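Chemist: the amino acid sequence is not available; the structure is as follows:
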């Protein structure tokens, strides 16, 4: 089969496209960064791809709410195409600002197939931007997280607190749509338990959710920033441990697997 | 009819909670609850259906609700405070709102501007004065408007009312002729100092043209047989400004006819490059917006460090964001254009945030200065938004506090970029505007932003406010532009590029015109934010996000199409020529016609003279203590030393995926002295960035101050793993009263040290920037005149290459049993100006006893030691390393231990150097030292590689977390634990 292809959307203010492309390609896929404007002019181009990614960044500066202006642009220009794309056996990944856009579009969680706003990513409890590493455990099945049970990734956002009403939370739990939760793992232990495990105050420690099929994943943490071993905050200390155990340090980071899963789904 | 859309959180609002805490911090304890409502106002009339879809577009319905043309106030409140932007001030959220409305209603470019504002509802036991204090703290009166209503007023008015802050100008834009031909020398001097006279007798603000410059301009126009237009004088003033021509560094000084820059800075680089021969890695130095060095065979690194001090003192947020977004443009316009990959934040130099020193800019206690804390917070916030929204990883280095920065804080920011060495088979660092190329302005429209003292009037409540002189950068607009320009660069669509910074178009176009030999600008074509700008204002405005390009005529169509597709404004505003003249036309009239030669080289040189006086300073009284544990903890919690991780935590230092050594390191998240970034994801080559700055030595000796700054920057980079052979430095001089021979004497000494030490280390200067008059002239708390000058401050930034980032060295120790070494001698008789002396001295008198012996730098010795250390790094023999900096050995030991969360047993008994006192051995800031830990298995290899250098093993890492130091006579002097050290280190800025 031909190499699976990912389209990474670029919008004014997004800023994680290049490392996302690198991740897909390191995972064996092919990825193109396509500007929203160019896709709107040639909408059918979307169907050249099997994987769609909404990358992180500050689309429109988060000026009228994070991911609101970008969601508005998609809703007004690409609604039908996106609908068709997700109905097919395709994969969609949204990271950080990309996750916010998916939530605002109603692409996630799309409970009962209703594409309205059902969940929100709102201000961190500190109301501040936070860049730090956290631990995640995988809580439900999605092709994206196949064979992963836990991993550590960085978060970098000011509006990353997951919020939904009780009814929605219950349904997400029931239907196994909560893909990722913050928990006290390797990084938490590394910092001696002195750093919060859920720094933004997300409800039920939710860091990422899927739609009902599991093919659409949105997550606040940045998997494209943990592709290499040296991106880890404690890579030197880990390297020393590996050396003492006479094990070669890995060359890759923990989340390359996510991109490999995405690519492998189509192989 | 204008409309107002209000949006309020349906769930507990984290912003409101934080704001309540901030209000309590203002000393207003009566506050009970805070509610925040976001507001969008539009001047255009919409029908109900349109309004309904607009409001739902603005509202994430899970967490927010909206109201159109009514209000969302809480049921009970005491005061409502609305803060919006003043007319003409850049309103980013308003702009996005407008664009979103256009997308939604599919009515591109024909709706009126939308505006953003925010209402804070306050309840509690609060007086109107309380509400005013809160409002004044939340808003900056220079750029923002404030409306306050009590509950009763609010109810009576049925809300806050709708205010559309449109700009209305009543002056007729035209170019005026200024009589200087028949003017007395005295009047010339006044014009130079205070500016051109308006019709109403007021003056337009300083031209900052010295009397000799005014005379040169007079002679030039006498020869031309005419008086200049105002725009000509204003343009010359911009081009000849200290900011652009760096006259203090360029003018002859004492015996140095070629001036300080040529004699010391440029000369050092020339000699180093010559000596390096084929190993020279400089690509372009001093000629461009930024310095350019070689990264590998295929890529170059572009780097620039900047300060943005004066604007930040007025509006810290706007000043800082404009600073960082502005230095990014230097990179985007460096060579043919580089992609920014690294943002450096800091040092920020401020007054003590815990100590309220009240200052006024105006007589009779008017124009109160913002508090040090407020300034610091605004600066941090500005860099946060600028760096994060630009998608450039931002690392913060230092915070420096001294009451001498109270009147004029310093904001240092820097940017590194990467570009292919060749683009379309042409070297990317070369650019040349050709005669016939279009002058193209890209990125934004021109308003009155950044024009000295311009005011204008309009109607209504808010509308009457003066347009601000402060610019606010918009990182998102610039990101769009940067991305588009990188596409255009790779398509070879332009022949030259530079940014619009100080002096606006007058400087950028005139600067590029040097490449072609002239230019002709059609000023009517320049897109304006609002009508009514005078021609001179259009030319010198510092409206942000703009670049000036030279686009060949046959490439314009393709360029223009690309810009349109990427929603980037691009306009032809003239043509580059080879006429030898800089010409500006406006309204069918030539209003500027100046020879290029005069514009760029017509300024007369002035002989500068200096005096250098060695002042005697008292020595502090230092108590002799047997136990230094408490002293050690006090040092760790000093503002100049304590953890500022709250800043790094707010900066995205990992975007772009290249972060290797982060600004916070180890288990204890300790602030690092160097960062390493991998600019190319598929290569293991890295860029090392570090800094050196020692302003506390300046009052004693600026020569050694500069030497220490250079040594510290180099040492910090080498410690992390930078290759000494591929290390360049940048200078940022922030001086004070640079018209005084004493201050010039201090400057000359520092510049001489720059030459001596750059050449000794073989580290070329590749770029620099100066800011020479950092003096506050105003009034103290009683209204008495006061002048506060900053200490002469030199920031040295080091940028180096590491061939394999997997060899880089972090500060955190990793394992019990590892051996602790100090590399280099410790000298305890040179502790003057140190943080330890400051701690003791500040308890004494007003005249701070700082001592007289600052550290000196033995470059030859250090170079040898650093080289040996580098060999160890390459062999992988170093477990962890921390350069010994402010606070001395004790602080380096603490950082290492806290980084690894491992205790230490240390003895000073074996330490090499000249030492007599335990405390001075611990806290002396002797240069040239690195603290390293080495695993026992590497002991032999390490010691062998270090042979011929002074180094000593002083201890061992422990299994537990107790931290013990024994003194020179093996007696116990410090006994503590990592946890209590972390507490001291981190408590100072907790809550910031």
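Modeler: Arrived safely. Small disclaimer: the values here were computed from a predicted structure and weren't measured.
Chemist: low pLDDT regions in chain A?
Modeler: Chain A contains residues with pLDDT under 70 at A:1.
Chemist: run through the residues that contact residue 122.
Modeler: Using chain A. Contact partners of residue A:122, counting by Cβ atoms under 8 Å, 6 or more residues apart in numbering or on different chains, are A:159, A:161, A:163, B:9, B:11, B:14, B:60, B:63. To be clear about C-beta, it is placed using only N, CA and C from the backbone, and glycine gets the same treatment.
Chemist: wait, I meant chain B there
Modeler: Counting by Cβ under 8 Å, 6+ apart, residue B:122 has contacts B:23, B:31, B:33, B:34, B:77, B:78, B:79, B:80, B:81, B:131, B:134.
Chemist: what's the mean pLDDT across the strand or helix carrying the fourth one?
Modeler: Under the assignment given by DSSP states H and E, the secondary-structure element containing residue B:34 is strand B:31-42. Model confidence over strand B:31-42, given as mean pLDDT, is 95.
Chemist: which residue is the nearest non-sequential neighbour of the residue of the stretch 451-600 of chain B found nearest chain A?
Modeler: Residue nearest to chain A within the stretch 451-600 of chain B: residue B:476 (3.9 Å; Cβ to the nearest Cβ). Leaving aside its chain neighbours, residue B:476 sits nearest to residue A:61 (3.9 Å; criterion: Cβ to Cβ, 6 or more residues apart in numbering or on different chains).
Chemist: confirm that neighbour sits in a helix?
Modeler: Yes: counting by DSSP: H, G, I helix; E, B strand; the rest coil, residue A:61 is located in a helix.
Chemist: all strands for the stretch 1-150 of chain A, in order.
Modeler: Remark: strands assigned in the stretch 1-150 of chain A by DSSP state E, counting those that start in this stretch are A:5-10, A:30-35, A:51-54, A:91-95, A:120-122, A:130-138, A:150-157.
Chemist: which of those strands sits closest to residue B:556?
Modeler: strand A:30-35 (21.2 Å; Cβ to Cβ).
Chemist: what residues of the closest one count as buried?
Modeler: A:31, A:33, A:34, A:35 (16 or more other Cβ atoms under 10 Å in any protein chain shown).
Chemist: intersect those with the contacts of chain B.
Modeler: residue A:35 (Cβ under 8 Å from any Cβ of the partner chain).
Chemist: OK, contacts around residue 69?
Modeler: Using chain A. Shown in contact with residue A:69 (Cβ under 8 Å, 6+ apart): A:59, A:60, A:63, B:96, B:99, B:100, B:103.
Chemist: wrong one, I was asking about chain B
Modeler: By Cβ under 8 Å, 6+ apart, the residues touching residue B:69 are B:3, B:4, B:5, B:51, B:162.
Chemist: do the same with residue A:243
Modeler: Residue A:243 is in contact with residue A:249, counting by Cβ under 8 Å, 6+ apart.
Chemist: could you look up the SS state of it?
Modeler: Following three-state DSSP, residue A:243 is assigned to helix.
Chemist: can you add distance to residue B:259 and give the buried residues of strand A:30-35 back as JSON lines?
Modeler: JSON lines is the format used below for the buried residues of strand A:30-35 (distance: Cβ to Cβ, whole Å):
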{"residue": "A:31", "distance to residue B:259": "53"}
{"residue": "A:33", "distance to residue B:259": "48"}
{"residue": "A:34", "distance to residue B:259": "52"}
{"residue": "A:35", "distance to residue B:259": "48"}
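Chemist: and of the buried residues of strand A:30-35, the nearest to residue B:70?
Modeler: Using Cβ to Cβ, the buried residues of strand A:30-35 come closest to residue B:70 at residue A:35, 39.3 Å.
Chemist: chain neighbours aside, what residue packs nearest to that closest one?
Modeler: Here the nearest residue to residue A:35 in space, its sequence neighbours aside, is residue A:10; by Cβ to Cβ, 6+ apart that works out to 4.8 Å.
Chemist: and residue B:746, how far is that from chain A?
Modeler: Using Cβ to the nearest Cβ, to the nearest Å, one gets 39 Å for the distance from residue B:746 to chain A.
Chemist: can you give me the strands for the stretch 151-267 of chain A?
Modeler: A:161-163, A:178-183, A:206-210, A:216-219.
Chemist: neighbours around the residue of the stretch 151-267 of chain A found nearest chain B, how many?
Modeler: Closest residue of the stretch 151-267 of chain A to chain B, Cβ to the nearest Cβ: residue A:156 (4.4 Å). Counted by other Cβ atoms under 10 Å in any protein chain shown, the residues lying close to residue A:156 total 25.
Chemist: ditto for the one 3 residues further on
Modeler: When neighbours are defined as other Cβ under 10 Å, residue A:159 has 23 of them.
Chemist: so residue A:211 touches residue A:108, yeah?
Modeler: Yes: using Cβ atoms under 8 Å, residue A:211 is in contact with residue A:108, at 5.8 Å.
Chemist: so the two - more neighbours on which side?
Modeler: Between residue A:211 and residue A:108, counting by other Cβ under 10 Å, residue A:108 is the more crowded of the two (25 against 21).
Chemist: enumerate the residues of the stretch 501-650 of chain B near chain A.
Modeler: Residues of the stretch 501-650 of chain B lying near chain A (Cβ under 8 Å from any Cβ): B:565, B:566, B:567, B:648, B:649, B:650.
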